[in-house]
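> how would this look folded up:
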Amino acid sequence: MSEQPAYDRSLIDAMLSNCRRATLPYQQAHRGDLFGTAFWFNDLLSEDTDGTATYYQYLVTAGASTRCSIAEIRMRPELSESALSANSLLMTDFQQGWIPLGDSGVSVLPATVLHALARRKGWAWATDEITEGLAAKAEDIEALGDAPVSAYVLGHDVGPDRTQREQAVILGEVMRSGDGHGFVWRGPVPQGCVGAPVFVGIGLEGRNVKLVCLGVLLSREGGRRAGPESCRHLPSHPRRNAEAARTGSTHP
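Predicted coordinates for the structure are as follows:
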C-alpha cells in the first residue's frame, strides 16, 4: 500500500490568505450542465528601475469548460468593494471571449471585459491575483522531481441547487506526466473545479517550504493529452501567447 501524501496546514493557510479572492466560479446560464472555476492572473509586462511594475490582467481556466454562449459568474460579497445588487454576473458571447493558448488546454480572458461589466453596474472588483512571484518557475518545476507530490486545488464545488458554488480546498497529489507536458492530478475532482489553480510546496533550506501555483487543473478532454485529469503549467506571458494565438504568429 502506498503512503498517503503529507499535507501541510501552513501551506493551506498561506494559499487561503493570499488567494481566497483569486477564484471565480462560473457556469452555463439557464441551468446548463457546464461548470468551471477560473482565476485572476497578473502577467508582468515590465518593471522600472524604481520598482514600478506594469501588469496585464487575465482570467485563466480550462478551455473545455468555456464552451457555452451565455455564462453566469457566481459572486460573493468579498469580491466587490461595495455592496452587490445580485449574486451572479451574466456574460454573453462567453466562449468567444476566451483565447486558447495553443493546444495546452488552457484559455485566457482579458480581465478588461469583467472590469467593464462591473463599471456599468456601478461597482469595482476586489480580488487577489496569482502573480509572477507566486507562479511556479522552471527551477521550481525541476525541483519537484518525478515522485508524487502533495498538491492542493482551490476551486468551487457545485451545491445541490446548482447556484451554491462554495470555495473548497481539494487535497490530492501531482506526478510528472510521461509526455513531459505537465503533471497528472491524482485525487478527487468535484464538479465545477476544472480550471482551478493547483498549488504545491517547494522545499527550501532549513526545512522551510514556499507555496507556488503549479498550474491549471484540466479535464480529461482538455489539452494535448487524454486520460487522468492533468495539471498544466501556468502560461508564461499569456499576453504574448494570446496575441500569437489570434494572429497565428510565434514568439520566442
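> any low-confidence regions in the stretch 51-200 of the chain?
51-53, 180-181 (pLDDT under 70).
> Would you state the strands of it in chain order?
53-62, 70-74, 88-92, 99-100, 106-110, 149-156, 167-176, 183-186, 197-203 (DSSP state E, counting those that start in this stretch).
> can you state the direction angle for the fifth one and strand 88-92?
Translated: strand 106-110. 100 degrees (axes from the mean of the first three to the mean of the last three CA atoms, to 10 degrees).
> helices and strands around strand 106-110, which ones?
strand 53-62, strand 99-100, helix 238-247 (3 or more CB pairs under 8 Å, 6 or more residues apart in numbering; DSSP states H and E). Backbone N, C-alpha and C define where each C-beta goes, glycine included.
> Helix or strand: which one has D13?
Element membership of D13, judged by DSSP states H and E, is helix 9-19.
> for this structure, what's the longest strand?
Counting by DSSP state E, the longest strand found in the chain is strand 35-47.
> Now that strand: buried residues?
35-43 (16 or more other CB atoms under 10 Å).
> Work out the gap between it and the centre of the chain.
Mean-position distance between strand 35-47 and its chain equals 8 Å (CA atoms, centre = their mean, to the nearest Å).
> got the CA coordinates for that strand in CSV?
Coordinates of the C-alpha atoms in strand 35-47 are reproduced here as CSV (Å, rounded to 0.1, in the frame of the first residue of the first chain):
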residue,chain,number,x,y,z
PHE,A,35,-19.4,24.3,-14.6
GLY,A,36,-15.9,25.6,-14.1
THR,A,37,-13.5,27.6,-11.9
ALA,A,38,-11.4,30.5,-13.3
PHE,A,39,-8.8,32.5,-11.5
TRP,A,40,-7.2,36.0,-11.8
PHE,A,41,-3.7,36.1,-13.1
ASN,A,42,-1.4,39.1,-13.4
ASP,A,43,1.1,38.9,-16.3
LEU,A,44,4.1,41.1,-15.6
LEU,A,45,5.0,43.1,-18.7
SER,A,46,7.8,45.3,-17.4
GLU,A,47,9.3,46.7,-14.2
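> Okay, angle between it and helix 9-19 too, please.
70 degrees.
> Identify all contacting residues around the helix holding D13.
For helix 9-19, contacts defined as CB atoms under 8 Å, 6 or more residues apart in numbering pick out 39, 128, 130, 134, 152, 154, 169, 197, 199, 201, 209, 211, 213.
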